[in-house]
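Visitor: Based on what follows, work out the 3D shape:
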Amino acid sequence: MGLPMQTADALAIREVDRPGRLSDQLVAALRARIESAELAPGARLPTEQALGERFAVSRAVVREAIARLKADGYVETRQGAGALVAARPGLASFRIGAGGRLDAGALAQIFELRAAVETAAARLAAERRTRGDLAAIRAALGRMANAIDEGHDGAAADDAFHRAIATATHNGYMQRFVEFLGYHFSESRRPSWTEDGRRAGRPQAAQREHERLCAAIVRGDPAAAARAAEDHLRGSATRLGVGPVARRTSKGGGER
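Guide: Next comes the predicted model:
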């Protein structure tokens, strides 16, 4: 005789040995039901109390899981109606690393995504940059140089440099997507700016790549800018131990 659904669901969560938070496991359980259409688009999720009892977790855990599912585009909430499965579950948002730490394989794929997007951004920036854009790019580059010379943390200036290039595309969607990717990798830049990172020459290596990228954009050379951006992403991946990013740009055009 099979287990009652309530007992089976609770057991499914308890059997995981709890390597992560209960909310992560509840999110995974509910997502599986949504993706299998057991909970169809437009269906109302059970109440917090019912979900808590069914999965043997607290209402606080249920609330956190529902918030995560909403942020991931799997559910939507309406006043008086509670939580409903979204019309197109999971397609209304894009997140990186939701619910857990990224492994080396996932990081490698994300660096490939960054290479695809940021090389395109560099190319457009070289074509469209204004005097104001160039001033912002150079200012961020200068702040990183000062941080290297004075032994300070230049991670914020590093973020600003890449944001300034995205702004120079004058494409609002690309700008926001580059900023989104940068936000998720901002912390990954910080180890380069530690004392150990400086001794290993990481900020200096990245700065040389930044300088080549800036120079190509200043010259208005889209092909060289794209190559410089790709070289920087490849270098960043290698310094983080992720491995090389597959080369995408052509070898022709522009200075090397």
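Visitor: rest of the way, CA atoms for contacts and neighbours
Guide: Will do.
Visitor: Glu53 and Gly235: what is the separation?
Guide: 50 Å (Cα to Cα, to the nearest Å).
Visitor: These two: which has the busier surroundings?
Guide: Between Glu53 and Gly235, counting by other Cα atoms under 10 Å, Gly235 is the more crowded of the two (20 against 16).
Visitor: what secondary structure does that one sit in?
Guide: With DSSP: H, G, I helix; E, B strand; the rest coil as the basis, Gly235 sits in helix.
Visitor: wait, doesn't it sit right on Gln204?
Guide: No - between Gly235 and Gln204 no contact is recorded; they are 11.7 Å apart, counting by Cα atoms under 8 Å.
Visitor: now the strands: where do they sit in the stretch 151-256 of the chain?
Guide: Chain-ordered strands for the stretch 151-256 of the chain, with DSSP state E, counting those that start in this stretch as the definition, do not occur.
Visitor: what about it, any weak spots by pLDDT?
Guide: Counting by pLDDT under 70, the stretch 151-256 of the chain shows low-confidence ranges at 184, 186-191, 243-256.
Visitor: From Ala104, how far out is Gly241?
Guide: Gly241 sits 8 Å away from Ala104, going by Cα to Cα.
Visitor: what's the nearest residue to Ala86 once chain neighbours are set aside sitting at in phi/psi?
Guide: If the residues on either side of it in the chain are set aside, Ala86 comes closest to Val75, at 4.6 Å by Cα to Cα, 6 or more residues apart in numbering. Phi and psi for Val75, reported as degrees, to the nearest 10, are phi -130, psi 160.
Visitor: residue contacts, Val75?
Guide: If a contact means Cα atoms under 8 Å, 6 or more residues apart in numbering, then Val75 has 66, 69, 83-86, 89 as its contacts.
Visitor: out of those, which are buried?
Guide: Neighbour counting by 16 or more other Cα atoms under 10 Å classes 66, 69, 83-86, 89 among those as buried.
Visitor: These into a markdown table, with extra columns for pLDDT, distance to Ala115 and secondary structure?
Guide: Written out in a markdown table, the entries for these read as follows (pLDDT from 0 to 100; distance: Cα to Cα, whole Å; DSSP: H, G, I helix; E, B strand; the rest coil):
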| residue | pLDDT | distance to Ala115 | secondary structure |
| --- | --- | --- | --- |
| Ile66 | 92 | 33 | helix |
| Leu69 | 90 | 29 | helix |
| Ala83 | 91 | 37 | strand |
| Leu84 | 92 | 36 | strand |
| Val85 | 93 | 34 | strand |
| Ala86 | 89 | 31 | coil |
| Pro89 | 82 | 28 | coil |
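Visitor: Looking at those, spot the one nearest Gly182.
Guide: Leu69 (22.8 Å; Cα to Cα).
Visitor: Would you agree the closest one is in contact with Leu26?
Guide: No - under the criterion of Cα under 8 Å, Leu69 lies out of contact with Leu26, with a separation of 10.0 Å.
Visitor: got the buried residues for stretch 157-174?
Guide: Of the residues in stretch 157-174, those buried (16+ other Cα under 10 Å) are 157-170, 174.
Visitor: That should have said stretch 140-150, apologies.
Guide: Of the residues in stretch 140-150, those scored as buried under the neighbour-count criterion (16+ other Cα under 10 Å) are 140-145, 147-148.
Visitor: Tabulate these in JSON lines, adding columns for distance to Val178, secondary structure and pLDDT.
Guide: As requested, the buried residues of stretch 140-150 are arranged in JSON lines below (distance: Cα to Cα, whole Å; DSSP: H, G, I helix; E, B strand; the rest coil; pLDDT from 0 to 100):
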{"residue": "Ala140", "distance to Val178": "16", "secondary structure": "helix", "pLDDT": "96"}
{"residue": "Leu141", "distance to Val178": "18", "secondary structure": "helix", "pLDDT": "97"}
{"residue": "Gly142", "distance to Val178": "21", "secondary structure": "helix", "pLDDT": "97"}
{"residue": "Arg143", "distance to Val178": "20", "secondary structure": "helix", "pLDDT": "96"}
{"residue": "Met144", "distance to Val178": "19", "secondary structure": "helix", "pLDDT": "95"}
{"residue": "Ala145", "distance to Val178": "23", "secondary structure": "helix", "pLDDT": "96"}
{"residue": "Ala147", "distance to Val178": "23", "secondary structure": "helix", "pLDDT": "93"}
{"residue": "Ile148", "distance to Val178": "24", "secondary structure": "helix", "pLDDT": "93"}
